[in-house]
Every structure is written in structure tokens, then in C-alpha cells.
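In: pasting the sequence and the predicted model now:
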Amino acid sequence: MNTIVVHYKELALKGRNRPWFIQLLVRNLKSALAGLHVPAVRSLMGRIEIELGRDTPWIDVRERLTRVFGIANFSCAGQGPHDFDALAAAILDDLGDRQTPSFRVAATRADKRLPFTSPQVEREVGGRIKDAKGWHVDLDRPALTIHIEMLPERAFYFFGKEPGAGGLPTGTGGRVACLLSGGIDSPVAAYRLMRRGCFVLFIHFHSYPILSLASQEKVREIASVLTRYQQRSRLALVPFGDLQQKIVLAVPPDLRVVIYRRLMLRIAERLARKWHAKALVTGEVIGQVASQTLENMTTIATATELEVLRPLVGMDKDEIAAEAQRIGTFPISIVPDQDCCTLFTPRHPATRARVTDASAAEEALPIEEMVTSAIASTVVEQFKFPVLELPAGHGP
Ligand code: ATP
Ligand code: MG
């Protein structure tokens with residue numbers, strides 16, 4: 001069995017964009033499997049066929065495929081001819097000495113012009129397997145389902161299906177830029193957008209050398225984990241410590257967090273535009289911390305004209321943590337570090353900062369100059385999966 005049959009969610013791919021979606025999924029599959037011996041990945045009448053080299057380990061392929069978005073399910077499959085005797089023989093051969101209390105054959109036809117019906121395939125092939133194995137047929141709750149897919153020239157067969165990552169193929173949703181801290185929430189926010197087909201750029205604000213390098217190291221690790229889902233990523237590391245010091249000197253304590261965030265959004269917007277990203281993403285959640293009230297979130301977002309997407313806005317912390325576990329970012333996020341926003345942060349931030357208050361406070365600051373200097377000293381790093389990190393480059 002050296003074929004993989006990949007099924008995508010038909011409904012999501014209906015309409016004019018369908019060929020383009022499938023083309024992107026094929027491209028993503030090829031790059032996700034890079035480095036493994038995979039002679040061909042091709043679209044084939046409503047499914048995708050992946051040819052495996054003789055000694056390509058299914059375990060490795062499976063691991064990679066579970067992280068490719070746009071897949072409903074996939075199976076390791078064998079191939080046989082249309083002839084029922086020969087097809088049943090091929091299936092029996094691959095079943096080997098496998099045992100099961102009950103089974104059924106579930107057949108589909110990729111082409112409705114084929115000279116047999118699906119129930120006929122199920123009866124004919126199922127009957128032959130039953131005769132050879134003596135297994136009990138259970139059409140409602142079989143312990144083993146043998147799937148057969150009839151294509152114009154040949155048939156695929158497989159035993160069971162692996163669940164795919166769901167979502168939509170990377171690249172179909174456009175580009176967005178995620179403000180990525182070392183915390184639990186923003187990596188999950190980035191993942192949510194990736195899963196909807198967006199290509200996500202990462203932007204991290206750090207306060208090195210005032211604080212340690214820890215937050216950058218954490219974010220690099222998080223970026224590596226997330227890159228496994230979109231195959232290549234870009235991380236912008238923006239020095240923020242000097243800017244925070246300027247804010248501390250000019251802005252009353254209770255408004256500082258809101259002003260930090262507004263400045264972050266302005267810088268992020270500039271980077272996003274440079275990278276042709278169409279929206280910003282944050283890990284904000286209503287009421288999670290004092291700075292994340294509806295009033296503050298609204299005031300913060302008016303600093304940018306870009307749409308601010310907050311995919312976690314209505315989630316509970318434990319739901320977010322569980323998702324971070326599944327994605328693989330949780331153990332990195334919980335390592336203690338000094339976040340730049342804990343620096344110079346007052347004990348009692350304003351919970352209802354108004355836009356007029358924020359704008360008034362910002363009058364004392366050279367905002368445009370601050371944004372420009374932050375962009376000029378931003379360092380951009382590239383990430384790739386399955387290939388390891390590329391060397392760091394300078395400047396966005
Ligand atoms: P997270 O778990 O993502 O750090 P949080 O619960 O700590 O979020 P805040 O610190 O209020 O919440 O941050 C809200 C959002 O602002 C974050 O989810 C993230 O998108 C962005 N953000 C905060 N700090 C940074 C930073 N240092 N670099 C980039 N983005 C940041
Ligand atoms: Mg945080």
C-alpha cells in the first residue's frame with residue numbers, strides 16, 4: 001500500500017475558487033512532505049493522490065499530513081483493477097492475517113459513468129472477502145470498514161481514515177500579521193487564522209537590552225512550532241524598550257498600557273502594509289486582564305486603520321490553554337519570562353480609557369518618529385518547515 005488518498009471538505013471548496021483551492025492544497029502537501037521520497041502529488045477527481053516511494057515511512061508522512069490545513073481525512077491506500085476477482089484478491093493480500101469481529105465494504109464511484117453501481121461493488125467485493133475470511137458482515141456498526149473508491153481506470157482501497165487538520169489550505173485566506181507575545185493566547189490566535197487558510201506573519205515587541213533575551217527566544221520557539229502548520233514564516237523582532245521609556249516619561253501611569261498597545265498596533269500596521277498583510281491579529285480576550293475591557297480594546301484599535309482580528313475574544317482561559325496544548329505551544333508559553341508589557345506597567349491600569357484621553361496623552365509624544373525608528377531597527381527572521389531555521393536577516 002504505497003498510495004495516500006487525501007480527502008478535502010467538498011462543501012468548503014465549492015464554487016469558482018475550487019480549482020485554485022485544490023492547486024494550493026497540492027502545493028502545500030508537496031512542501032509539507034519535502035525531504036521524504038514522494039514521487040507525485042496529484043489532484044484526481046475530487047481527491048488527492050500521493051504516491052509514496054517504496055521505503056517512505058507511513059508514520060512520518062502521517063505526522064506531516066496531520067498538520068496540513070484543508071484536509072478532511074486521509075488514508076494509506078492500495079490500488080487494484082476494476083475486475084472484482086482481482087480487486088478482492090489485492091485487498092485480501094493486504095489484509096494479510098488481520099482479524100475482525102465484523103466488517104463491511106463501503107464503495108464510491110468517482111465517475112458516475114462507470115458500468116457498475118456502488119452497491120454492486122460492495123456486494124461483489126464484500127462477498128468475496130466474506131467467503132475468503134468467514135467474517136461477519138455488519139452494515140450498521142462494522143468493526144472494520146473497507147473503503148473502495150472506483151476511479152475511471154483503477155480502484156483505491158483503504159482500511160479506516162485518519163482525521164485531517166480541517167480548515168482551509170494555507171494561502172487561500174490572504175495574509176495577516178499577528179502580534180505574537182511569548183504568552184499562551186497569541187500563538188493560539190495565530191493558529192486560528194492559519195487554520196482558516198491565512199498566511200500569518202509574526203510580530204514580536206521586546207525590551208532587550210533593558211530586559212533579557214528570553215522573550216525573543218520563546219517567540220522564536222513558538223514561531224518554529226507554528227511554522228509546522230504553514231511551512232514557512234517570517235518573524236519581526238521589534239525593539240520596544242526605548243519607546244516604552246519615552247512613554248513612561250510623558251504619559252500618566254494608568255494610561256500607559258493602552259498607549260503601549262496603540263503604539264504596537266501602529267508599528268504592526270506599518271510592517272503589515274510592507275508585507276501586504278490585510279489585517280492584524282491579537283490574542284485579546286474580553287475581561288481576561290484589566291487592560292482587555294471592551295472600552296480599552298476599542299480605544300486601542302482606533303490607532304490603526306487595519307481590521308484587528310481577535311479570534312479568541314469570547315473564549316475561556318482553560319479552553320485556550322487546551323488548544324495551546326494541542327498545537328504544541330503551551331509548554332513554551334508557560335516558561336517564565338519578562339514580557340515587555342510588565343516593564344513600567346502600573347498596578348492599576350485604566351479599565352475605561354477613552355480615545356480622547358489616549359489621543360491627548362499621545363500629543364506629548366513624537367509618534368511618527370517613534371514608529372519610524374522602531375521599523376528601522378526591526379530584525380526579521382525566516383522559518384521553514386521541514387527545513388530548519390534559515391540565518392537571520394536584517395531589516396524588514
Ligand atoms: P498573550 O497570552 O498572547 O501574551 P495576554 O493575555 O498576556 O496575551 P496582553 O498582554 O494584554 O494579553 O496582550 C494582548 C495581546 O497583545 C496579545 O495577545 C498579543 O497579541 C499582543 N501583545 C502583547 N504583548 C506583546 C508583545 N510583547 N509582542 C507582540 N504582541 C504582544
Ligand atoms: Mg502576554
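Out: The structure has been received and is ready for your questions. Ligands and ions are numbered 1, 2, ... in the order given.

In: ok, and the closest non-adjacent residue to T293?
Out: Distances taken as C-beta to C-beta, 6 or more residues apart in numbering put T351 closest to T293, at 4.9 Å, once the chain neighbours are dropped. C-beta here means a position set from N, CA and C on the backbone, and glycine is covered the same way.

In: and L243, by the same measure?
Out: M370 (5.2 Å).

In: state the distance from the residue lying farthest from the centre of the chain to D85.
Out: Among residues of the chain, the one most distant from the C-alpha centroid is D131; the distance is 45.6 Å, by C-alpha atoms, centre = their mean. Computed as C-beta to C-beta, to the nearest Å, the D131 to D85 distance reads 11 Å.

In: need the contact list for A189.
Out: Taking C-beta atoms under 8 Å, 6 or more residues apart in numbering, we find A189 in contact with 178, 281-283, 309-312.

In: so the closest residue to it other than its chain neighbours is in which element?
Out: Spatial nearest neighbour of A189, chain neighbours left out: G283 (4.1 Å); criterion: C-beta to C-beta, 6+ apart. For G283, there is no helix or strand it lies in under DSSP states H and E.

In: neighbours of G283, how many?
Out: Using other C-beta atoms under 10 Å, G283 has 25 neighbouring residues.

In: over to D83?
Out: Count around D83 with other C-beta under 10 Å applied: 12.

In: phi and psi next, for it.
Out: Main-chain torsions, D83, degrees, to the nearest 10: phi -50, psi 120.

In: what's the separation between it and ligand 1?
Out: Applying C-beta to the nearest ligand atom, to the nearest Å, the value for D83 to ligand 1 is 58 Å.

In: check what pLDDT that residue gets.
Out: pLDDT, D83: 97.

In: list the buried ones in the helix ranked longest in the chain?
Out: What stands out as the longest helix in the chain, according to DSSP state H, is helix 256-274. Going by neighbour count (16 or more other C-beta atoms under 10 Å), the buried part of helix 256-274 is 256-272.

In: so which residues on this structure come close to ligand 1?
Out: 179-181, 183-186, 203-205, 282-284, 288-289, 291-292, 339-341 (C-beta under 6 Å from any ligand atom).

In: what's the neighbour count on the residue nearest to T282 when sequence neighbours are not counted?
Out: Excluding its sequence neighbours, the residue lying closest to T282 (C-beta to C-beta, 6+ apart) is L179, at 5.1 Å. For L179, the neighbour count with other C-beta under 10 Å is 23.

In: so, in contact with ligand 2 or not, the longest helix of the chain?
Out: No - Helix 256-274 is not in contact with ligand 2 by C-beta under 5 Å from the ion; minimum separation 11.0 Å.

In: which phi and psi does the one residue in the chain that gets nearest to ligand 2 have?
Out: Closest approach between the chain and ligand 2, counting by C-beta to the ion: G183, at 3.3 Å. Per-residue torsions, G183: phi -80, psi -170 (degrees, to the nearest 10).

In: quick one, phi/psi of the residue nearest to A189?
Out: The phi and psi torsions at G283 (degrees, to the nearest 10) take the values phi -100, psi 20.

In: go ahead and confirm it touches G183.
Out: Yes - applying C-beta atoms under 8 Å as the test, G283 and G183 come out as touching, 6.8 Å apart.

In: re the thing from before, for the residue lying closest to the residue of the chain closest to ligand 2 once chain neighbours are set aside, give me its contacts.
Out: Nearest residue to G183 in three dimensions, chain neighbours excluded: S333, at 5.8 Å (C-beta to C-beta, 6+ apart). S333 makes contacts with 182-184, 187, 218, 222, 324, as judged by C-beta under 8 Å, 6+ apart.

In: could you dump the residues you listed to a markdown table with distance to E381 and neighbour count?
Out: Supplementary listing: these in a markdown table, determined by distance: C-beta to C-beta, whole Å; neighbours: other C-beta atoms under 10 Å:
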| residue | distance to E381 | neighbour count |
| --- | --- | --- |
| G182 | 15 | 27 |
| G183 | 19 | 21 |
| I184 | 22 | 20 |
| P187 | 16 | 30 |
| K218 | 14 | 25 |
| I222 | 12 | 26 |
| A324 | 22 | 23 |
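
In: separation between T108 and G183?
Out: From T108 to G183 the distance is 46 Å (C-beta to C-beta).

In: what does the strand or helix carrying the residue farthest from the centre of the chain contact?
Out: Applying DSSP H and E as the criterion places D131 in helix 118-133. Contact partners of helix 118-133, identified using C-beta under 8 Å, 6+ apart, comprise 84-85, 87-88, 91-92, 95, 103-109, 116, 135, 137, 146, 148, 150.

In: flag every buried residue along that helix.
Out: Result for helix 118-133 [16+ other C-beta under 10 Å]: buried residues 118, 121-122, 124-126, 128-130.

In: chain center to that helix, what's the gap?
Out: Offset of helix 118-133 from its chain centre (C-alpha atoms, centre = their mean, to the nearest Å): 40 Å.

In: brilliant, that's me finished.
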